[in-house]
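Trainee: Generate coordinates for the sequence data below:
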Amino acid sequence: MPTADIARAVGFHEATVRIVQRDFIGRGIDALLPHQRGGRCHQLMPPDEEAAFLKGFLKAAGDASLLTVGRIRPELEERLGREVSLSTVYRMLERNGWRKVVPRPQHPWQSKEAMEAFKKGLRGSGREGLGGGRKEEKAAERHVPGRGQVRPDHHP
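Mentor: Purely as a prediction, here's the structure:
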């Protein structure tokens with residue numbers, strides 16, 4: 001049957017009919033069946049194996065020691081038998097619900113005594129450590145009726 005007649009019968013363009021014919025000749029019936037798209041085509045391990053692999057690190061992540069990607073990566077490479085990049089490990093951790101927690105940074109010259117004195121100065125009204133509320137007094141002196149925001153102590 002000519003390509004033009006097939007195209008009219010099925011409601012496709014002639015070029016589409018030729019493409020389908022070429023694919024059928026090359027791949028057989030598989031060319032006509034729908035194929036799946038998407039998914040994890042290049043996965044290193046199935047999701048359940050990833051979860052089982054990371055279970056081995058739960059104890060290290062739970063106690064006081066610091067678990068880093070540098071400790072996970074060599075074991076993952078050993079298990080897979082090939083090298084992997086750091087981004088691969090980070091993506092695996094994210095897929096499995098792990099998150100990055102880092103210790104709070106501290107300045108090397110930080111003084112605990114100065115921090116405690118500062119905290120003690122802030123107790124009370126909340127302003128003693130920062131100048132004793134003088135800023136609020138100046139704002140009240142400059143207040144122009146009808147302008148600015150309404151404060152609890154100001155009634156128009």
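Trainee: Now do the top helix by length along the chain: which elements does it pack against?
Mentor: With secondary structure taken from DSSP state H, the chain has its longest helix at helix 14-27. Secondary-structure packing of helix 14-27 (3 or more C-beta pairs under 8 Å, 6 or more residues apart in numbering; DSSP states H and E): helix 3-10. Where you see a C-beta, it was placed from the backbone N, CA and C, and this is true even at glycine.
Trainee: For the helix it packs on, report the contacting residues that lie outside it.
Mentor: His13, Glu14, Thr16, Val17, Arg18, Gln21 (C-beta atoms under 8 Å, 6 or more residues apart in numbering).
Trainee: what do you get for stretch 68-78?
Mentor: With contacts defined as C-beta under 8 Å, 6+ apart, stretch 68-78 is touched by 53-54, 56-57, 60, 83-84, 86, 88-90, 92-93.
Trainee: try it again with 6 Å
Mentor: Glu83, Val84, Leu86, Val89 (C-beta atoms under 6 Å, 6 or more residues apart in numbering).
Trainee: On the pLDDT front, check the third one for me.
Mentor: According to the predicted model, the pLDDT of Leu86 comes to 92.
Trainee: Which strand or helix spans Leu54?
Mentor: Here Leu54, judged by DSSP states H and E, is contained in helix 47-55.
Trainee: what comes up buried for the helix or strand just after that helix?
Mentor: Downstream of helix 47-55, the next assigned helix or strand under DSSP H and E is helix 58-62. Using 16 or more other C-beta atoms under 10 Å as the test for burial, helix 58-62 gives no buried residues.
Trainee: so after helix 58-62, what's the next helix or strand?
Mentor: Counting by DSSP H and E, the next helix or strand C-terminal to helix 58-62 is helix 69-80.
Trainee: Which secondary structure state is assigned to Pro108?
Mentor: Going by DSSP: H, G, I helix; E, B strand; the rest coil, the secondary structure assigned to Pro108 is coil.
Trainee: er, Met45 I mean
Mentor: Put simply, Met45 is coil when judged by three-state DSSP.
Trainee: Against Glu78, how distant is the spatially closest residue to it that is not a sequence neighbour?
Mentor: Leaving aside its chain neighbours, Met45 sits nearest to Phe53 (6.8 Å; criterion: C-beta to C-beta, 6 or more residues apart in numbering). Remark: distance between Phe53 and Glu78 (C-beta to C-beta, to the nearest Å) = 11 Å.
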